[in-house]
Structures are given as structure tokens and as C-alpha cells.
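Enquirer: sequence and computational prediction follow.
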Amino acid sequence: MRNSPYFTGLTNLSFLILSLLFSITNNAQELKVGSAKRIITPNPLISVSGGVGTPKMATEKNGDLFVRAMVFVKGNEKIAIVNIDNLGWPSALGDKSRKLIKGIPFDNILIGATHTHSAPDAYAFPDETGQHGADLKYLDWCVIQIADAVNEALRKCEPAQLKIAVGNAEGKIAYNYYAPDLYDPRCGVIQAIGTQGKNKGKPIVTLVNYAIHPEVIGNNQGILSPDLIGPLYDRIEEKTDGMAIFMNGAQGGMVTADTRLDNGNEANDWEECKRIGNLLADEALRIVKDAPIQTNATIYCTHKKVTFPIESEILKFVIKHSPLTKELSDGNSISTTLNLLNIGTAQILTIPGEALPNIGYYLKRKMPTAHPFLFGLTNDAFGYILTKEDFDSFKRYKYVSRTSLGENTAEILTSELLDLINNNPKPEK
């Protein structure tokens, strides 16, 4: 009976009616947007981490680390997009913050990481003896700062319109270390413009979505830093007087900052962070400058829980021995949350790790919008995500294969995200 054309027709009709009712209800309300940030630079400085391995003590800093939150409210729908200057942010910490946030549904709070390689270890990566070098008190303090930023952003929500655009960011910003041209040059921008009071006609907050490893400085120099994302924030905020927030994309294997010099060396200092960060900021503002105003944009958020098998011995060891992740897994699999968001004409999907560019291109191609966004390293950071065809296939991919959950991760991820796309309302046209 359930496979009959009659039943299928009723199902499709019911979905259409639900989508129409949602659209009518959502449009009857006023869109509001708020933003807030907190400095999370440790004082005194502590060790920084670029991944699995022993953290290196920081003796100086270039720029401050931040938590930044952007909140959307329309009727009963409330969504928070959060980013933290860190390599990654596990759901064990994110869920602690979510429990402290009042007024926004638990699974509507997306928490991502910029992926700077010059911030404190947030995973408590264990060494070969099972010991770790993470500062758990600092991480617990960051948990509170995240919740405080979101709660403030919610309180500060005000009527807003949106400008949304996606375009190629030009200039020497990123490249693929493994194959220089195999990266996504597209930069997505969502800018909220106030419609009342002191912010009328002014940007409240500008979100930039771009795929890049912020590892200009890295973790070997003993410098704590937001890397190139710090100057990006400073530039946007200087030019708009509103807050900036960055969400990374599909930057795995190995889409990194283009620090190459003509003499074959690399520029790995704060000046290079400023060059790239300023350039990306300028390009983001150029891309969104002439975008049409979207009045009374609709917003929508949904989620699903997904389980991935753990095939990597390295990640099995990390997850088993880290005090932050050992409770999240049975040793052979681990679960996380995937989100789909529609914000005006934009559709956003979350990725709990570092997907390779071809996966990012595929997902964007399947999204029913001219404004596709991918939030990588969001809700979790499970290492690299590459297709089963690429997994352990090339010498270049040896490292990314070893630090991936396994060869089935990408197939599960794309299948579940396509399911979200196909079974939820489409964004506005």
C-alpha cells in the first residue's frame, strides 16, 4: 500500500502543504538579527596545537582569539551561528554551551571553528601514553563565553534585511598544496542590514564563508594567533562598523593559505596574515556590495543525527583516550549532528570535519540555489573527509587518509546531506 502511486501522491501533497504553511507563517513575521563577540585569548598564554601531537608553549601572540555569534529570529524560528578561533570544537564542548543558551533550540545552535593552527588544544589530543596537554579549565571558560555571546546576540536582535552573494574571491589567497588549482575560489557572504534606529541602513554583521587553512603561522613558532582570520575581522569591522564572522568551507586535502614566494620559500609571519586576511575581507565586501536587498527573508533550520564508523587506528586512539571525546563513542563509531539552513536565498549545509574540495563542489552542485554555503568544521571536527575512491589511493593522500575516520565517511555524509536537501523546503529564489 505504501508504495502505491496514491500513497506517494498524498505524501508529496502533504509535504507541499507543510512547506506552503511554513512559508506563509514565516513571511508573516519580521526578520531580526543580532550579533555579539567575546575575547578568549588566554592570559597568561598557554600551549597551542596544530593537531595530533604535543602542543607547543606560546611565548607571544599576534592578535586576539574570539568567539563570535550571529543570531537570526523570525517568528518562532531561532538560529544561532557561532564560530570560535580554534583548530576544531568537539560536540562535547559545544553541547555544554548549548545547555547554557536560553531561547534557541538546542539543535539550532551551530558551532564551528576557524581552524587556526595557533590556538589552544580543544580536543585534549593524547600522546602515546594516553596523556594530554590541554588546559581543561580554559576550555570550560570558553564554553561559558560561547553561551554568553549567543545569549547577548539574541537579546540584541533587531529588525534587519539581508544582502546575500556568492562569487569568486580574486587574488593570491588560497591554493591546493597537493594540486594547486583544485580548490573552490567561491566566497559566500551574508550581510544583515539594520532597518531601524541607530543601525538603519548599516551592516549589523557580515558573515564570510570561504574554504582555507588559516595556518600561515602554524603551531611551531610558539605564537598564539587567530592567523589570517584576525586581520579579516579587523578589516571588515573597520569598513562596515558592524561585526564580522567567518565560517570555513570544504578545505581538506590541502586547501591552504597561498603564502608562496617567488624564491620557493613561504611567508609565514603576521604580515602575511594581514595581507591575506585583508585581501579576503576586501573581496568579500566587493562580492556583496551590489547584491540586492532581501526584505523580510525567510529562515529555516533542521537537523539530523548521523553515525560514522571509525576505521582509523589513530582516531580510535584519540577518541578513546581524550577526556573530551571518550564518552561520545563506543570505540567503533561516533555520532554527530548535521544541519540544513535556509536563510533568504542561501542554503547552508554543515560538515563535521575537513571535506576535500571535490566533495564540496558536488554538494554545492546539488543544492537548489545560486547561493550555496558549506560550513566545514561545524558541530564537530572528525578529521579529513575524502571519497572512498581517493582514500589511501595516492601517495599524496597518505596523511589525509590516516587522519580520516575511514573510507566510508564521505559516502555517508553526502547521502545524509542529500537526504536533507531533498526532504526539506527549498530556499527563496
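Expert: Yes, it's here.
Enquirer: could you use CA atoms for every contact and neighbour count after this?
Expert: Fine.
Enquirer: what about the chain, any weak spots by pLDDT?
Expert: Residue ranges of the chain with pLDDT under 70: 1-28, 53, 326.
Enquirer: if we go to 50?
Expert: Low-confidence regions of the chain, defined by pLDDT under 50, span residues 1-2, 5-8, 26.
Enquirer: just checking, F246 is part of a strand?
Expert: Yes: assigned with DSSP: H, G, I helix; E, B strand; the rest coil, F246 falls within a strand.
Enquirer: show me the beta-bridge partners of it.
Expert: V208 (DSSP bridges).
Enquirer: list the contacts of it.
Expert: F246 is in contact with N83, T114, L207, V208, N209, Y210, I229, counting by C-alpha atoms under 8 Å, 6 or more residues apart in numbering.
Enquirer: that one and I109, how far apart?
Expert: F246 sits 16 Å away from I109, going by C-alpha to C-alpha, to the nearest Å.
Enquirer: ok, D148 next?
Expert: For D148, the distance to I109 (C-alpha to C-alpha) stands at 13 Å.
Enquirer: L45 too?
Expert: Counting by C-alpha to C-alpha, the gap from L45 to I109 is 29 Å.
Enquirer: more neighbours: which of those two?
Expert: Neighbours per residue (other C-alpha atoms under 10 Å) separate L45 from I109, with I109 holding more: 24 against 15.
Enquirer: who's in contact with the more buried one?
Expert: With contacts defined as C-alpha under 8 Å, 6+ apart, I109 is in contact with I79, A80, I81, V82, R98.
Enquirer: repeat that with 6 Å
Expert: Applying C-alpha atoms under 6 Å, 6 or more residues apart in numbering, we find I109 in contact with A80.
Enquirer: and it, bridged to which residues?
Expert: Note on I109: beta-bridge partners A80, judged by DSSP bridges.
Enquirer: repeat for E354
Expert: With DSSP bridges as the rule, E354 is bridged to Y384.
Enquirer: what about the helices in the stretch 151-300 of the chain?
Expert: 229-240, 270-289 (DSSP state H, counting those that start in this stretch).
Enquirer: I'd like these written out as CSV, with distance to I334 and mean neighbour count added.
Expert: Converted to CSV, the helices of the stretch 151-300 of the chain look like this (distance: least, C-alpha to C-alpha, whole Å; neighbours: other C-alpha atoms under 10 Å):
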stretch, distance to I334, mean neighbour count
helix 229-240, 30, 20
helix 270-289, 35, 21
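Enquirer: turn those into CSV, including distance to L261.
Expert: Formatted as CSV, the helices of the stretch 151-300 of the chain follow (distance: least, C-alpha to C-alpha, whole Å):
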stretch, distance to L261
helix 229-240, 20
helix 270-289, 11
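Enquirer: show me where the stretch 1-150 of the chain has strands.
Expert: Secondary structure of the stretch 1-150 of the chain (DSSP state E, counting those that start in this stretch): strands at 32-39, 47-48, 56-57, 60-61, 66-74, 77-84, 109-113.
Enquirer: take those and write them to JSON lines, including distance to S333.
Expert: Putting these into JSON lines (distance: least, C-alpha to C-alpha, whole Å) gives the following:
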{"stretch": "strand 32-39", "distance to S333": "34"}
{"stretch": "strand 47-48", "distance to S333": "28"}
{"stretch": "strand 56-57", "distance to S333": "30"}
{"stretch": "strand 60-61", "distance to S333": "38"}
{"stretch": "strand 66-74", "distance to S333": "30"}
{"stretch": "strand 77-84", "distance to S333": "26"}
{"stretch": "strand 109-113", "distance to S333": "22"}
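Enquirer: isn't V67 up against S35?
Expert: No: using C-alpha atoms under 6 Å as the test, V67 is too far from S35 to be in contact (10.9 Å).
Enquirer: next, count neighbours for P44.
Expert: For P44, the count of nearby residues is 8 (other C-alpha under 10 Å).
Enquirer: so L420 versus L341, what's the distance?
Expert: For L420, the distance to L341 (C-alpha to C-alpha) stands at 10 Å.
Enquirer: equivalent analysis for P427, please.
Expert: 9 Å.
Enquirer: just K102 next, same as before
Expert: With the distance defined as C-alpha to C-alpha, K102 ends up 20 Å from L341.
Enquirer: more crowded one of those two?
Expert: L341 (24 against 12).
Enquirer: and the helix or strand containing that one, what does it pack against?
Expert: Per DSSP states H and E: L341 is located in strand 333-343. Using 3 or more C-alpha pairs under 6 Å, 6 or more residues apart in numbering; DSSP states H and E, the elements in contact with strand 333-343 are strand 299-309, strand 346-350.
Enquirer: put the alpha carbons of stretch 221-239 into CSV.
Expert: Taking only C-alpha atoms (Å, rounded to 0.1, in the frame of the first residue of the first chain), the coordinates of stretch 221-239 have been written out as CSV:
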residue,chain,number,x,y,z
GLN,A,221,56.6,29.2,16.2
GLY,A,222,55.3,29.4,19.7
ILE,A,223,52.9,32.2,18.7
LEU,A,224,49.2,32.2,19.7
SER,A,225,47.1,33.8,16.9
PRO,A,226,43.8,33.8,15.1
ASP,A,227,46.1,33.7,12.0
LEU,A,228,44.7,35.4,8.8
ILE,A,229,41.1,35.4,10.2
GLY,A,230,42.1,38.1,12.8
PRO,A,231,43.0,40.7,10.1
LEU,A,232,40.0,39.6,8.1
TYR,A,233,37.8,40.5,11.0
ASP,A,234,39.6,43.8,11.7
ARG,A,235,39.3,44.9,8.0
ILE,A,236,35.5,44.1,7.7
GLU,A,237,34.7,45.8,11.0
GLU,A,238,36.8,48.8,10.1
LYS,A,239,35.0,49.2,6.8
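Enquirer: give me the contact list for it.
Expert: Identification of contacts with stretch 221-239 by C-alpha under 6 Å, 6+ apart yields 57-63, 65, 85, 116, 118-119, 214, 243-244, 273-274, 277-278, 281.
Enquirer: ok, of the residues you listed, which come out buried?
Expert: Among these, the ones that count as buried by 16 or more other C-alpha atoms under 10 Å are 57-58, 61-63, 65, 85, 116, 118-119, 214, 243-244, 273-274, 277-278, 281.
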